[in-house]
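the sequence and its predicted three-dimensional model are supplied below.
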Amino acid sequence: MGFEEESRTYHESDPPGKIEIATTKPTNTQRDLSLAYSPGVAGPCRAIAENPDDAYQYTAKGNLVGVVSNGSAVLGLGDIGPQASKPVMEGKGVLFKRFADVDVFDIELDLDDPRAFASAVAAMEPTFGGINIEDIRAPECFEIEETLHEEMSIPVFHDDQHGTAIITGAALLNAAEIAGKELSELEVAFAGAGAAATATARFFVSLGVEPENVTMSDIDGIITEKRVAADDPHPYVEAFASNEGGDLADAMVGADAFVGLSAGGIVSQEMVRSMAADPIIFAMANPDPEIDYEEAKAARDDTVIMATGRSDYPNQVNNVLCFPFIFRGALDVRATEINEEMKVTCAEALADLAKQDAPDAVRKAYSDEVLQFGPEYILPKPLDPRVLFEVSSAVAQAAVSSDAARAEISLATYHERLEARLGKSREMMRIVLNKAKSNPKQVALAEGDDEKTIRAAFQMHEEGIAQPLLIGNREEITAIVEEFGLEFEPNVIDPSEVDLGAYADRLYELRKRKGITRSEAEDLVEQNSDYLGSVMVEMGDADAMLTGLTRHYPTGARPPLQVIGTAPDVEYVAGVYMLAFDDRVVFCADATVNRDPDHQALAEAARRAAEVARQFDVEPRVALLSYSDFGSVDNEGTRKPRAAARTLRRDPDVDFPVDGEMQADTAVVEEILTETYAFSELEKPANVLVFPNLEAGNIGYKLLQRLGGAEAIGPMLAGMDEPVHVLQRGDEVKDIVNLAAVAVVDAQQE
């Protein structure tokens, strides 16, 4: 099946197209429907009639963008008309929703006259919080956008112009820095004089490029003052008109940068060789760039900083890095426009993000590329989740500071709101991260010379979550810090540099009646960082510890269990996972430690899991799970969770509702719990699930994670005398940072 046929099959599969409308409120009962429509809508309608701004409070206007086109200049397809452009506009809506949780109505207008088009769009202002005009030919697009800016009091954005300009501008900021060139001194040659090229040239001036240093060319050669006077190609390029003519080759001689928004294959290696030292080449024609990546790189011996519009080369200039996020920020402050300050801020935020350490998930998604700031990485990737809260936050703040906003925001809380849009787990982790930041503690990282651990330590340091102590070889740690450009001085505990005698003495004292000799204790603290880290925590030289990234879970858990042990009133530790779904979180225990617990161990796991839930500001409701509901089956297996629930209910120190044994669906489905088993101690579905054994717990949480779409955080080792957590082998940097935050909160409570 060819790619085009595959695409048609993709689009025509039931239901046809790529988008649908979904309800956001309950519509299950007659009461729900009467609230949603007649007579209930009368209330918000009257409120909006009295105060039109209340539309943002009572309707979806504040999160709704109109993507509007007449299909006169569809990328790669040309003037195909409004109906044929609909798949593209639907696709734009998919990107808005996928990357920034912005809802879209796509609107295709059969209007070629720019004044009629602008009038039709302006009449839709009551419907939308913003307008994205799309795929409209030049110069009509300029006239339409200017008219809409004047007539509408909501943001209007032509992505073909400004999205391309902003992303290319971000690339230019970083490319110029790498090349050691000042923007004000750059000589820039453009190929193309359409909407994208003109807007990009204008935006470069906003960033600091001098207009007289820009030379624009089209198919007929360099744009001159004479040509502009004759309306060739259009008056919007007047600021960049040259006194002298020539062709593109002439324009590129001595140029520091080339920007191609024209046609493939029009730039030769000889033209590249004619440019200034360490040239910047943005060849963005699609699908074939003005010059191939390999050809441009091979044309010279110095550094060629290259970007294209293609995803199979480094530094893809992709508008999806801009339009979802600039609208997100604009919508959230009810901006009246997207002004130049907001655009410049957007470009600067993107440029800055490329200099930061990329998350592991992004590295995996782009496994063939180097994601470290430099000539091959001057732009962040569209799949980088940080773009949402870094760029949108910056844009929202710029709107406020430039008086374009009608609603102010607290930048700190807005950042958290944006993170929550990326998933419930981020919202929940933010609670713990904020607690950790309030009083960061020292966290010993047993695998301190591992790359992920070091990158995680840098994030802990940068965000003020913890004071990381890296246990490992100083030279190896320093080399990795330098390799990844991490700007911090790590606190390294190198066993070869430290007198470990006191730690060996303490380990010997703790384990001498468990078969450990003094010399063996010395070997363990020198050669096994898990033992060294555990003794450091036990002696108070560190507040918490993480291990397990490169080891099997039992191997990582054994040293802290031997050295630190359980809390004085605790006989059993438990491994607890937090599973975050779109609309709820549940805590699962025990999925990592107790293979075949008795009823006392199950009760202990419930207590510990409830404590973990409260760290996330969740009031626990505990269910002891089984394949039986309240005695419907009576055997040794069902008696254990039943006895555990009874033990907990009789404990005067237990201040949370608990019941069991019960089946999993009984525990989590409100109708079953309240209608069939109204006698249950749980008035609402459980949010802490205690599995009957390790096998069930491990299977259960992994099924919920993989098939239920939950994001798992953990395992959190609960019940230790001091804060220790054991990672899963292969965890990502964010997992290490998250567990470090949990450990810090544990230490704060200690």
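Received it, and whenever you're ready, just let me know what you need. Residues are numbered from 1 along each chain as shown.

what mean pLDDT would you report for the helix or strand L350 falls within?
Secondary-structure element containing L350, defined by DSSP states H and E: helix 340-353. On average, the pLDDT along helix 340-353 is 96.

what about dumping the CA coordinates of that helix to PDB?
Written as PDB, here are the backbone C-alpha positions of helix 340-353 (Å, rounded to 0.1, in the frame of the first residue of the first chain):
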ATOM      1  CA  GLU A 340       5.300  41.400  18.500                       C
ATOM      2  CA  GLU A 341       6.300  41.200  22.200                       C
ATOM      3  CA  MET A 342       4.600  37.900  22.500                       C
ATOM      4  CA  LYS A 343       6.100  36.600  19.300                       C
ATOM      5  CA  VAL A 344       9.600  37.600  20.300                       C
ATOM      6  CA  THR A 345       9.100  36.100  23.800                       C
ATOM      7  CA  CYS A 346       7.900  32.800  22.100                       C
ATOM      8  CA  ALA A 347      11.100  32.600  20.000                       C
ATOM      9  CA  GLU A 348      13.300  33.400  23.000                       C
ATOM     10  CA  ALA A 349      11.600  30.700  25.100                       C
ATOM     11  CA  LEU A 350      12.100  28.100  22.400                       C
ATOM     12  CA  ALA A 351      15.700  29.100  21.900                       C
ATOM     13  CA  ASP A 352      16.300  28.800  25.600                       C
ATOM     14  CA  LEU A 353      14.600  25.400  25.800                       C
END
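
who's in contact with it?
If you take Cβ atoms under 8 Å, 6 or more residues apart in numbering as the criterion, helix 340-353 is touched by 162, 165-167, 169-171, 173-174, 203, 206-207, 321-322, 325-326, 329-330, 335, 378-380, 384, 386-387, 390-391, 393-395, 397-399, 401-402, 404. No exception for glycine: its C-beta is placed from N, CA and C like everyone else's.

same question for stretch 56-65.
Residues beyond stretch 56-65 that count as contacts (Cβ under 8 Å, 6+ apart) turn out to be 24, 44, 47-48, 55, 96, 101-105, 126-132, 327, 331-332, 334.

now, those residues that are in helices?
Counting by DSSP state H, the part of the contacts of stretch 56-65 found in helices is 44, 47-48, 55, 96, 327, 331-332.

if any of these are buried, put those into a ChimeraX selection.
The ChimeraX selection below is limited to those of the ones in helices among the contacts of stretch 56-65 classed as buried (16 or more other Cβ atoms under 10 Å):
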select :48,55,96,327,331,332
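
now, which of the ones in helices among the contacts of stretch 56-65 sits nearest V74?
Distance from V74 was checked for each of the ones in helices among the contacts of stretch 56-65 by Cβ to Cβ. The minimum falls on F96, at 17.7 Å.

so that closest one sits right up against L331, yeah?
No - in this structure, F96 sits apart from L331 without contact. The criterion is Cβ atoms under 8 Å, and the distance is 10.5 Å.

what touches both of those two?
Each of 65, 102 lies in contact with both F96 and L331 under the rule Cβ under 8 Å, 6+ apart.

for the worst-scoring helix or strand of the chain on mean pLDDT, buried residues please.
Per-element confidence for the chain was summarised using mean pLDDT, DSSP states H and E. The lowest value among helices and strands belongs to helix 3-12, with a mean of 76. The neighbour-count criterion (16+ other Cβ under 10 Å) identifies no buried residues in helix 3-12.

one more: stretch 527-545?
529-538, 542-545.

and the residue nearest to E125 when sequence neighbours are not counted, how many residues sit next to it?
Across the structure, with Cβ to Cβ, 6 or more residues apart in numbering as the measure, the residue nearest E125 apart from its sequence neighbours is M152 (5.3 Å). By the measure other Cβ atoms under 10 Å, the count of residues near M152 is 20.

one more: the one 4 residues further on?
A count of neighbours around V156, defined by other Cβ under 10 Å, yields 28.

if I pick it, what's in contact with it?
If you count contacts by Cβ under 8 Å, 6+ apart, then V156 has 130-131, 133, 145, 148-149, 337-338 around it.

can you check Y531 too?
Contacts of Y531 (Cβ under 8 Å, 6+ apart): 507, 524-525, 559, 563.

the most centrally placed residue in the chain - nearest residue in space that isn't next to it in sequence?
Within the chain, one residue has its C-alpha closest to the average C-alpha position: by Cα atoms, centre = their mean, that is P385, at 1.6 Å. Using Cβ to Cβ, 6+ apart and skipping the chain neighbours, the partner closest in space to P385 is L422 (5.3 Å).

which phi and psi does that neighbour have?
Torsion angles at L422 (phi, psi; degrees, to the nearest 10) stand at phi -80, psi 0.

how close does it sit to A605?
30 Å (Cβ to Cβ, to the nearest Å).

could I get the contacts of V156 in TSV, plus columns for distance to R649 and neighbour count?
What follows is the contacts of V156, written out as TSV (distance: Cβ to Cβ, whole Å; neighbours: other Cβ atoms under 10 Å):
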residue	distance to R649	neighbour count
G130	54	27
I131	59	25
I133	63	24
E145	67	22
L148	65	24
H149	66	17
E337	61	20
I338	58	28
